[in-house]
Structure formats: C-alpha cells, structure tokens
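**Student:** I would like to see how this sequence folds:
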Amino acid sequence: MVNSEDFANRLERVFEYYDLTATTFSEKINVGKATISHILTGRNKPSLDFVLKTVKAFPEVELYWLLNGKGGFPASTPLSAESKNTKADEPSKNYKAVDLENNFQNQDNANLVNDHSSEKKLVKVILCYDDGSFENFTTN
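**Tutor:** Okay, the predicted model is just below:
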C-alpha cells in the first residue's frame, strides 16, 4: 500500500528536480490542479492513471521509487536544466501491441532465453497503455 505522505514527498522532489509548480506539473500530465492538491495534502491517494501518466511524462522517475521509495531518483544521470525541460516534453515511443504479440507468440521458449544468462527465461510481458488499460502475455 502506498504511504500518502511519503508519496507526496517524492512527488515534491519531482517538482523540484524539473523546476515545476504543482500547476505546471498538472498541465504536463494532463490532470486537474485539484488532483495534485489532494494528493499533496493526503486527502486522496494517487490513482494508477496518475502514476502511469507521471512515469510516462518524466523518464527519470522510476515506478517503484515513486510508489514506495525503493530505487533511485533520478533514474539516469542528472540532466542539465535544458535537458530536463526537453526530456519532459518528449513523447514516449509508441509500440504496436499487435507486433509485440505476434513476435512473442512466434518465438518458442528456447528463443526467449536471456542472452546474458542461459538460466533466465522470459515468462511474462505486461503492456501498459496510456488509457490505464494493460495486456498480459505469458509463455507456455
């Protein structure tokens, strides 16, 4: 379960890192200002949609760090002020679920072995979409 106070503190760190106000942050992820206010005050917990929009819009924000403080922030090397603004505005890559599904189904388990270790095999892929929906694909 997400601790609302800790989540709000991490969200404020994101604001500081990108030099954003709550208003500009809400505009970047396309949510109402009241949503941000309610999360910061602890009135509401963040929705899955809110969390997904945040990690999509800000690549340096790791999902696990945002939700429970595990991992690090920023996820990659620190960016200059120019890079921070550019990265936050970049659209994410769009992958076609059908292509991924076809590739996944056309490969046998032997081809799904991780190149770095012959002991690891891919067993599940989860695709998360910007509308909050998702799809699961598992190997046989």
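**Student:** Which stretches in the protein count as strands?
**Tutor:** Read by DSSP state E, the chain holds these strands, from start to end of the chain: 124-128, 134-138.
**Student:** So which other helices or strands are in contact with the last one?
**Tutor:** Counting contacts by 3 or more Cβ pairs under 8 Å, 6 or more residues apart in numbering; DSSP states H and E, strand 134-138 is packed against helix 97-106, strand 124-128. In short, each C-beta sits where N, CA and C put it, glycine included.
**Student:** and those, which one is worst for confidence?
**Tutor:** Per-segment confidence across the helices and strands packed on strand 134-138 bottoms out at helix 97-106, which has a mean of 50 in mean pLDDT.
**Student:** Excluding chain neighbours, what is closest to Phe50?
**Tutor:** In space, not counting the residues next to it along the chain, Phe50 is nearest to Val31; the distance is 6.2 Å by Cβ to Cβ, 6 or more residues apart in numbering.
**Student:** scratch that, Phe25 is what I was asking about
**Tutor:** Leaving aside its sequence neighbours, Phe25 sits nearest to Phe15 (Cβ to Cβ, 6+ apart; 5.8 Å).
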